[in-house]
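J.: Predicted structure and sequence below. I'll ask about it afterward.
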Amino acid sequence: MRVHFIAIGGAAMHNLAIALHKKGYKLTGSDDEIFDPAASNLAKYGLLPESFGWFPEKITEEIDAIILGMHARKDNPELLRALEKKIKIFSYPEFLYEQTKNKKRIVIGGSHGKTTITSMIMFVLKEAGLSFDYMVGSAISGFDTMVNIEEKNNLAVFEGDEYLSSPLDLTPKFHKYKPHVAVISGIAWDHINVFPNFEKYVEQFTTFIDSIIPDGKLIVYKNDENLQNIKYSNKNIQVIEYEAYPYSLNEVGDFVVEFRGQKYVMSVFGDHNMQNVNAARLVCLELGIEEEFFCNTITKFKGAAKRLQQIKENANSAFYLDFAHAPSKVKATITAMKQKYPDKKLVACLELHTFSSLKKEFIPHYNNCMLDADIACVYYNPEVIAHKKLEEINPEFIRKSFGNDVFVFSETDKLQDYLLKINSKDSVFLMMSSGNFSGMDFVKFANKIIKD
């Protein structure tokens, strides 16, 4: 099969391209910009376009299908040529469904925790020696790519993103997968640029529930207020509720779970991660994994990239990186750090980077989400605001919106200078962002802050 990718440089798009290349498909692709790690990953497999840009002459009758990424616009010249030639066009979630429609599909949804839960399930299944298709939104140790599609597999595990499918299909990706088993970890308003009010956002999860196949199963976090308010119109499914896996803390602050009298020390920590563990456990049980095997295996799971990722630690200090950006995620991450390090000073830094987090009317939703940090810093780049064509914001507005004594920075050098002046002894530093604080080298900076 010959496939062409329009906007091949996206995180999921380039990983899907690699997966199809491994499957033996003939591939071409275009994009107007491709950054690392996508550029290096594509180059490794000979898939990096020779020139960046859009080339309608690439769209010929020999192409069997187009996979269209969200980075492309409706007036993309390659897309217009494909429409003119009536070539079949897929969004990547539609194509993933086509590739797995005869397999058992597990889809993990929710405003937070879905990458971690998906990663946990994948980790346990691999340790059990099972082969399966997957798509996950982060790099995971032990997996070469974020997407895998193989003919021999009869199981697929997908992270279910509620963001839009393609420029031609303005519906959420997770509506496409039609799961046999679905998870919803919780609902907290995100993607304000697409879902302008909370009610519209919640509707997407109701539609997701309706997409579960008859006799399927929905695993939902019991204590999420917004999930409790959803009316399950899909009557042909079994609903299974879960809470955080019961845990205790040992003398060094590790999270410990117990099964049949055996204690298992977790590598991950925080109440929200114990919720994630329990969701992953329930899915694995549905797939025939023994609970004792799950408990023993999950102790070795150290997390997905940028999900409470430890960059450096010594006897009295630590430096962590996390993907948290929405208010509920920020609060949960800070809570987890305080649970892990109750006797240390927590220095928490948040970058406002996404469209939602930089939109002036949304910023007050961050009120008190950093209250448990001993020192709280908020960083934003005015150039990013201008690039996104959003209304200007000022430090005083951010301070008032967050509702506690946050230090606000709009220059990364000044933020770093401030952090370097803090005594690192008995301190934990937490950097939270879906970006990189305008190019910060976290490993290098952690080594500056925490001396060996």
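T.: Here it is on my side, so go on. These figures come from a predicted structure and were not determined experimentally. Numbering: from 1, shown residues only.
J.: top helix in the protein by residue count?
T.: For the chain, the longest helix by residue count, based on DSSP state H, is helix 271-286.
J.: Other residues contacting the helix or strand that contains Ala446?
T.: Element membership for Ala446, per DSSP states H and E: helix 442-449. For helix 442-449, contacts defined as C-beta atoms under 8 Å, 6 or more residues apart in numbering pick out 311-312, 317, 319, 321, 416, 419-420, 422, 424, 429, 431, 436. Where you see a C-beta, it was placed from the backbone N, CA and C, and this is true even at glycine.
J.: now the helices for the stretch 251-400 of the chain?
T.: Here the stretch 251-400 of the chain has its helices, by DSSP state H, counting those that start in this stretch, at 271-286, 291-298, 327-340, 355-358, 382-387, 395-402.
J.: Count the residues that sit near the residue nearest to Ser328 when sequence neighbours are not counted.
T.: Once flanking residues are discounted, Ser328 sits nearest to Ala188: 3.7 Å by C-beta to C-beta, 6 or more residues apart in numbering. If you count neighbours by other C-beta atoms under 10 Å, Ala188 ends up with 19.
J.: can you pull the contacts of Ala188?
T.: Applying C-beta under 8 Å, 6+ apart, one finds that Ala188 lies in contact with Ser111, His112, Asn226, Ala326, Pro327, Ser328, Lys329.
J.: List the residues that contact the first one.
T.: This means Ser111. Glu162, Ser185, Gly186, Ile187, Ala188, Trp189, Asp190, Ala326, Ser328, Lys329.
J.: mind running it again at 10 Å?
T.: Ser111 sits next to 162, 184-191, 201, 205, 224, 226, 326, 328-329 when contact means C-beta atoms under 10 Å, 6 or more residues apart in numbering.
J.: out of these, which one sits closest to Ala348?
T.: Among the contacts of Ser111, Lys329 lies closest to Ala348 (C-beta to C-beta), at 12.4 Å.
J.: What is the longest strand along the chain packed up against?
T.: In the chain, with assignment by DSSP state E, the single longest strand is strand 345-352. Packing partners of strand 345-352 (3 or more C-beta pairs under 10 Å, 6 or more residues apart in numbering; DSSP states H and E): strand 317-322, helix 327-340, helix 355-358, strand 375-380, helix 382-387, strand 406-409, helix 412-420, strand 427-432.
J.: State the distance from the residue of the chain most remote from its centre to Pro179.
T.: What lies farthest from the middle of the chain is Glu61; by C-alpha atoms, centre = their mean that is 36.4 Å. As judged by C-beta to C-beta, to the nearest Å, Glu61 and Pro179 stand 35 Å apart.
J.: next one: Phe205
T.: Counting by C-beta to C-beta, the separation of Phe205 from Pro179 is 13 Å.
J.: Overlap in contacts, the two.
T.: The contact sets of Phe205 and Pro179 overlap at Gly109, Gly160 (C-beta under 10 Å, 6+ apart).
J.: in the helix holding Ala446, what's buried?
T.: Phe442, Phe445, Ala446, Ile449 (16 or more other C-beta atoms under 10 Å).
J.: Quick check: mean pLDDT of that helix?
T.: Over the span of helix 442-449, the pLDDT mean works out to 94.
J.: got it, and stretch 89-100?
T.: 96.
J.: Equivalent analysis for stretch 382-396, please.
T.: Per-residue scores along stretch 382-396 average to 91.
J.: Kindly report the same for stretch 189-203.
T.: Stretch 189-203 comes out with an average pLDDT of 84.
J.: quick one: Lys44 from Tyr92, how far?
T.: The value you get for Lys44 to Tyr92, if C-beta to C-beta is used, is 20 Å.
J.: More neighbours: those two, which one.
T.: Tyr92 (25 against 12).
J.: contacting residues for that one?
T.: If you count contacts by C-beta under 10 Å, 6+ apart, Tyr92 has them with 5, 7, 10, 12-13, 15-17, 67-70, 135, 147, 165-166, 173, 176.
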